[in-house]
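**Q** Sequence and predicted structure are below.
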Amino acid sequence: MNHFDVVIVGAGLSGIGAAYHLQDRCPGKTYAILEGRTEVGGTWDLFRYPGIRSDSDMYTLGYSFKPWREAKAIADGPAILKYVNETADENHIRQHIRFNHLVKSAAWSTADACWTVTAATGDQGDLVQFQCNMLLMCSGYYSYKSAHTPEFDGLEDFQGKIVHPQFWPKDLDYKGKKVIVIGSGATAMTLIPAMAKETAAITMLQRSPTYVVSSPAEDKIANTLRKYLPEKVAYSISRFQKTLLQGILYKRTRTQPKKIKAWLLNMVRKELGPDYDVAKHFTPTYNPWDQRMCLVPDGDLFGAIRSGKAKVVTDHIDRFTPTGIKLQSGDELEADIIVTATGLNLEVLGGATFTIDGEAVDFAKTFTYKGMMYSGIPNLVQTFGYVNASWTLRADLTSEYVCRLINQMDATGTRQCTPHLRAEDQNMQQRPWIDDFSAGYMTRVMHLFPKQGDHIPWQNTQNYKLDKKMIRHAPLEDGALIFDNGESMASHQAELVNAPDRAA
């Protein structure tokens, strides 16, 4: 049995950041990172489709402790992967990673105050176990094994190639081919301009439009600051500026949605000209940030459309045909290749199963504590970023918080910390884990995720400014988070047993 103070699941952006914070703030603690794949990087190693990039700036998607040094603020996938690997190597984190260790289950023992984590290893899937006092899940929120593809009539009739971006073939030749990309999210809007350079024709086929914002790939102010100020000072200023502007924009989408909508659409009209049908192809039926907005660096999508190499079609699919797609309008689009950029399959905590003293945990019957822990479940923290800002902003806060918990337990001589619903929390209003966000990939699975309440600390705020107060500065012992040695656990088992009635 391998025993560590902390086990981190996932060696992507979140997991490598968590390891850094642990080494920095809890230097005496032992840890291991369990990574199901063969390389560091997570998302940025998995996705290999043309043009893969971030739709967040790297001053906020980058770590708080490691300045982003590249000229482009909107970075491509290889540059981000390099950044994550640099972080792992500069801080001697790689030696702690167990590759090809896919976590299957975790079992908590109150008597031993530890998690037993079971992982499948190698090609044969042999099972190995690790024990730890603190378990930190940094495995992201979507399945690496499967992607979301709707059922299309006639799919088997199509004589060309069908590809999902999550499983992009290395040898796919699209030069001189006719390509249809189904979808209107960030992936589709990345693929279109990247592939348009070589295809004969490429079409973005969408059921409904998405808000699109053009932004310079390079941040001139940030690059100038870096020339004249110490690197970390320049980076901190740029990071603060970006988070401030993101917060202001998001707040205005909530308070002045019509005004922000008009502003966004006017920018699109300036890019595509007065004769383009912006109302049909770029005007969503929902308000800004009810779903995630798409960022296009240097207006590359609009440039591809203006050049005539790419076009947008807004319609519903009737069926696939041998030569393409027939639309409900009666039109037919020809294609040699169809790319189904139709989304991800979300999963809770990496798809692993959890038990507490032999009892199975159903996370849908728990309440989230500060967006990172769960009612009635000890010593378990999940990293889950923002849907309306950069993931790493919250990942950094979460890692800092874990270190505070560990140091607090050391200081108080306790072995476990468990969120518990207080008397005043018992009848609070229940809300979805992610609220006020109508994206299909979220709404399809929200019933599987924990609930959130109507007051702090039982909220998943998705608000960086509020989270800094709630996570970084609020006292750890707030009456809801209990530090003990397991003696009170039995009296709180009802939180898991009775939860179905509260969460029904």
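**A** Arrived safely, thanks for sending. Numbers count the residues shown, from 1 in each chain.
**Q** Give me the below-cutoff pLDDT ranges for the chain.
**A** 487-504 (pLDDT under 70).
**Q** Now do the domain split for the chain, please.
**A** According to automatic domain parsing, the chain comprises the domains 2-144+345-502, 149-342.
**Q** need those in TSV with mean neighbour count, can you?
**A** Where you see a C-beta, it was placed from the backbone N, CA and C, and this is true even at glycine. Formatted as TSV, the domains of the chain follow (neighbours: other Cβ atoms under 10 Å):
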stretch	mean neighbour count
domain 2-144+345-502	19
domain 149-342	17
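**Q** doesn't L397 make contact with K468?
**A** Yes. If you go by Cβ atoms under 8 Å, K468 and L397 touch, sitting 6.8 Å apart.
**Q** Roughly how far does the closest residue to A11 other than its chain neighbours sit from S54?
**A** Of all residues not flanking A11 in the chain, E35 sits nearest, at 3.8 Å (Cβ to Cβ, 6 or more residues apart in numbering). Distance, E35 to S54, using Cβ to Cβ, to the nearest Å: 21 Å.
**Q** Please apply the same query to F282.
**A** Distance, F282 to S54, using Cβ to Cβ: 22 Å.
**Q** ditto for L245
**A** 17 Å.
**Q** P216 too?
**A** With Cβ to Cβ as the criterion, P216 and S54 are 14 Å apart.
**Q** With Q452 instead?
**A** On the measure of Cβ to Cβ, Q452 and S54 end up 27 Å apart.
**Q** and if you look at V348?
**A** For V348, the distance to S54 - Cβ to Cβ - is 24 Å.
**Q** just F158 next, same as before
**A** In terms of Cβ to Cβ, F158 sits 32 Å off from S54.
**Q** same check, this time on N91
**A** Distance, N91 to S54, using Cβ to Cβ: 22 Å.
**Q** Please apply the same query to I482.
**A** 39 Å.
**Q** next one: T224
**A** From T224 to S54 the distance is 22 Å (Cβ to Cβ).
**Q** Show me the longest helix that occurs in the protein.
**A** Longest helix of the chain, by residue count under DSSP state H: helix 231-255.
**Q** Helix or strand next in line after it, which one?
**A** Per DSSP states H and E, the first helix or strand lying C-terminal to helix 231-255 is helix 257-272.
**Q** Tell me which residues are up against that following helix.
**A** Outside helix 257-272, the residues that touch it by Cβ atoms under 8 Å, 6 or more residues apart in numbering are 211-214, 249, 252-253, 276, 278, 282-283, 287-288, 293, 299, 302, 305-306.
**Q** how does it look with 10 Å?
**A** By Cβ atoms under 10 Å, 6 or more residues apart in numbering, the list of residues contacting helix 257-272 from outside reads 209, 211-214, 249-250, 252-254, 256, 276, 278-279, 281-284, 286-290, 293, 296, 299, 301-303, 305-306, 312.
**Q** which helices and strands does the very next helix or strand once past that helix pack with?
**A** Remark: after helix 257-272, the chain's next helix or strand is helix 278-281, criterion DSSP H and E. If you count contacts as 3 or more Cβ pairs under 10 Å, 6 or more residues apart in numbering; DSSP states H and E, helix 278-281 packs onto helix 257-272, strand 310-314.
**Q** Residues contacting helix 278-281, please?
**A** 184, 204, 206, 208-210, 212, 265-269, 271-272, 305, 311-315.
**Q** could you redo the last one with a cut-off of 7 Å?
**A** P209, L265, V268, R269, L272, V312, T314 (Cβ atoms under 7 Å, 6 or more residues apart in numbering).
**Q** any idea which helix or strand comes after it?
**A** Following helix 278-281 in sequence, per DSSP H and E, is strand 294-297.
**Q** helices or strands up against the next helix or strand after that following strand?
**A** Note on strand 294-297: by DSSP H and E, the next helix or strand toward the C-terminus is helix 300-306. Judged by 3 or more Cβ pairs under 7 Å, 6 or more residues apart in numbering; DSSP states H and E, the packing partners of helix 300-306 are helix 186-196, helix 257-272, strand 310-314.
**Q** Repeat the analysis, applying 10 Å as the threshold.
**A** With contacts defined as 3+ Cβ pairs under 10 Å, 6+ apart, the packing partners of helix 300-306 are helix 186-196, strand 201-206, strand 212-215, helix 257-272, strand 294-297, strand 310-314.
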